[in-house]
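Chemist: okay, predicted coordinates and the sequence, questions at the end:
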Amino acid sequence: MRFDRLIKGGNVVTPAGAFRGDIGIAGEKIVALGTDLDDGGAPVIDATGHHVIPGILDVHVHLALPFMGAVSADDYSTGTRAGARGGVTTLIDFAIPYKGDSLSQAVDNWHKRAEGKSLIDYTFHVCITRWDEHKDQIQGMVDRGFTTFKEFMIYESEGWQSDDRAMFGTLEKMKEYGTMLLVHAESSRVLDELIARHHTPELMKMYGARLHPMTRPNFIEAEAIARAVQWSEATGGQLYIVHMSTAEGTEIIRAAQARGVPVIAETCVQYLVLEDSVFAREDGHLYACCPQIKKPRDMERLWKGLKHGEVSVVSTDTCTFTREQKALWKGDWTKIPMGLPGLETLLPLTYTRGVLEGRLTLEEMCTKLSTNPAKVMGLFPRKGAIQVGADADIAIIHPSWRHQVVPSEMETNADWSPYEGWDLAGFSRTTLSRGEVIVDGYKVVGRAGRGKWLPRTFAGLEGTTGETSAMRMSRGPLSPIRVEDLKAAGVA
Ligand SMILES: [Zn+2]
């Protein structure tokens with residue numbers, strides 16, 4: 001077999017487990033896995049002493065998002081460079097209709113942001129913000145290759161909020177089309193009431209940014225998740241809870257999956273590694289994101305949920321704001337642009353805190369960062385695993401070598417980092433996207449605009465095999481690994 005490129009001698013993580021060996025690449029695809037593959041003169045990437053893992057999919061990203069009076073500071077050029085350095089080879093952003101936009105116009109706008117700039121492959125979730133106007137446009141978006149939709153249970157002031165009627169109706173349509181609804185689950189009426197009660201000059205002076213966690217107790221998320229799960233159970237429509245941050249939410253998901261509700265949960269890495277004592281810091285307002293950072297017991301429960309299966313995906317909710325933009329708050333926590341930089345540190349944080357500290361195996365990490373997100377977002381088997389026939393999207397990481405996080409040395413436009421000074425392993429030494437090297441020696445070398453939009457035809461887990469999500473997830477790392485392919489390639 002002739003190859004255009006080989007990766008040799010690494011610890012290669014496949015859905016069937018890891019093996020020490022080689023990957024043969026032809027064009028944009030993986031065409032062989034084996035040991036001692038013959039390079040036949042093709043260029044060789046030496047991966048000796050390194051882990052070779054599938055490229056990461058960050059399926060929750062906001063680039064250049066107009067939000068809370070600012071525009072988030074990473075766009076498709078800096079955001080995707082940051083991602084590549086963190087081993088991310090696919091991202092999914094959210095196309096949000098502004099003013100009188102239709103769903104189709106929202107997607108057109110987002111295409112314009114990405115085109116000519118994106119270094120890595122991408123697509124969008126389509127946000128439904130005005131149900132009566134948008135409901136008849138959903139099928140057209142499925143026909144255009146978009147299979148994941150999003151509704152927000154909060155953000156009335158941004159004009160994004162959906163009510164129960166909209167969620168119920170959308171889930172009915174998800175059932176009909178084999179697509180999936182993503183929901184930002186927080187309980188808006190009680191949240192607004194708690195914010196109003198605390199929004200006084202005296203309390204703001206006394207507590208500053210600590211009012212952010214004080215006004216969002218865990219039941220704000222838990223009640224909303226329970227309600228969304230109820231609508232999923234009633235309609236049979238596939239539901240995906242984005243950025244789940246609480247122990248209570250995790251318990252609700254576990255119970256729902258056990259009785260066969262087609263619900264999947266995502267957490268973000270900041271909820272796994274940061275605790276809400278950060279808001280007491282002098283620069284605590286920088287850490288405001290939505291939902292906010294929670295407590296150690298929540299972190300612990302989310303890690304356990306990843307291990308046991310009720311938490312299926314880790315993403316970032318990247319929404320970068322600089323120190324100057326965060327300073328808009330002027331002491332009022334309700335005015336802090338909410339969001340954190342994330343793409344560049346997703347893999348290093350999950351690897352360092354998850355794998356090196358024994359909370360997840362290397363294979364489990366790959367499942368949560370790559371295989372599961374690809375599967376539930378309708379991108380598998382093209383993305384999400386190192387196997388014959390898949391796109392050659394690959395990250396090569398050193399098992400233990402650590403970089404210190406120094407914001408000025410990073411690709412993100414953020415001039416600060418929630419992880420500043422942390423020593424993290426797992427930055428990508430070499431990143432390949434569709435067979436092309438886009439990060440080499442920890443430096444971005446790929447060309448802006450080479451990333452491609454990814455059309456999809458389904459989403460969620462039901463459409464693929466007829467198994468319920470709980471059944472599939474409880475099997476652990478899922479995969480149609482073809483043992484014959486491995487054997488044919490000389491891997492036992
Ligand atoms: Zn988000």
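Modeler: Yes, it's here.
Chemist: quick check: chain neighbours aside, which residue is closest to the residue most central in space within the chain?
Modeler: The chain has residue 315 as the residue nearest its centroid, 2.6 Å off, counting by CA atoms, centre = their mean. Leaving aside its chain neighbours, residue 315 sits nearest to residue 60 (3.7 Å; criterion: CB to CB, 6 or more residues apart in numbering). Using the backbone N, CA and C atoms, a C-beta is placed for each residue, glycine as well.
Chemist: and the contacts of the helix or strand that neighbour falls within?
Modeler: Residue 60 belongs to strand 56-61 when assigned by DSSP states H and E. Contact with strand 56-61 is made by 79, 83, 86-94, 242-243, 266, 268, 313, 315-318, 342-343, 346-347, 369-370, 373-374, 376-377, 379, 383-384, 395, as judged by CB atoms under 8 Å, 6 or more residues apart in numbering.
Chemist: and if you look at stretch 288-304?
Modeler: By CB under 8 Å, 6+ apart, the residues outside stretch 288-304 that reach it are 186, 209, 212-213, 216, 218, 220-221, 243-247, 250-251, 267, 270-276, 278-279, 287, 311, 317, 319, 326, 329, 333, 336-340, 354, 359-360.
Chemist: correct me, but residue 28 touches residue 432?
Modeler: No - counting by CB atoms under 8 Å, residue 28 does not reach residue 432; the two are 9.7 Å apart.
Chemist: show me the contacts for residue 19.
Modeler: Here residue 19 is in contact with 11, 12, 33, 35, 491 (criterion: CB under 8 Å, 6+ apart).
Chemist: residue 171 now?
Modeler: 181, 231, 232, 235, 236, 237, 238, 239.
Chemist: how about residue 229?
Modeler: Residue 229 sits next to 239, 252, 253, 256, 261, 263 when contact means CB under 8 Å, 6+ apart.
Chemist: also residue 361?
Modeler: Counting by CB under 8 Å, 6+ apart, the residues that residue 361 touches are residue 355.
Chemist: and what of residue 102?
Modeler: So residue 102 contacts 133, 134, 137 (CB under 8 Å, 6+ apart).
Chemist: just say helix, strand or coil for residue 191.
Modeler: Secondary structure for residue 191, judged by DSSP: H, G, I helix; E, B strand; the rest coil, is helix.
Chemist: quick check: it vs residue 125, distance?
Modeler: Residue 191 sits 23 Å away from residue 125, going by CB to CB, to the nearest Å.
Chemist: quick one, which of these two is more surrounded?
Modeler: Ranked by neighbour count (other CB atoms under 10 Å), residue 191 and residue 125 place residue 125 first, with 26 against 19.
Chemist: what's stretch 246-253 in contact with?
Modeler: Identification of contacts with stretch 246-253 by CB under 8 Å, 6+ apart yields 185, 218-219, 221-222, 225-226, 229, 241, 244, 263, 265, 291, 294, 297-298, 300-302, 304-305, 310-311.
Chemist: buried subset of those?
Modeler: For the contacts of stretch 246-253, a neighbour count by 16 or more other CB atoms under 10 Å gives the buried set as 185, 218, 221-222, 225-226, 229, 241, 244, 263, 265, 291, 294, 298, 301-302, 305, 310-311.
Chemist: give me the pLDDT value at residue 344.
Modeler: The model reports residue 344 with a pLDDT of 98.
Chemist: which residues are in contact with the nearest residue to it once chain neighbours are set aside?
Modeler: Distances taken as CB to CB, 6+ apart put residue 82 closest to residue 344, at 3.9 Å, once the chain neighbours are dropped. Counting by CB under 8 Å, 6+ apart, residue 82 makes contact with 74, 341, 343, 344, 410, 411, 412.
Chemist: can you tell me the SS state at residue 82?
Modeler: The three-state assignment at residue 82 reads helix, by three-state DSSP.
Chemist: now it: how far from residue 5?
Modeler: From residue 82 across to residue 5, the span is 25 Å (CB to CB).
Chemist: check residue 451 too.
Modeler: To residue 5, residue 451 is 19 Å away according to CB to CB.
Chemist: same check on residue 454?
Modeler: Residue 454 is 22 Å from residue 5, by CB to CB.
Chemist: now residue 167
Modeler: According to CB to CB, residue 167 stands 46 Å off from residue 5.
Chemist: circling back to that earlier point, which among the contacts of residue 171 gets closest to residue 48?
Modeler: Lowest distance from residue 48 to the contacts of residue 171 (CB to CB) belongs to residue 238, with 42.6 Å.
Chemist: confirm for me that the closest one is in contact with residue 173.
Modeler: No - at 10.8 Å, residue 238 does not count as touching residue 173 under the criterion of CB under 8 Å.
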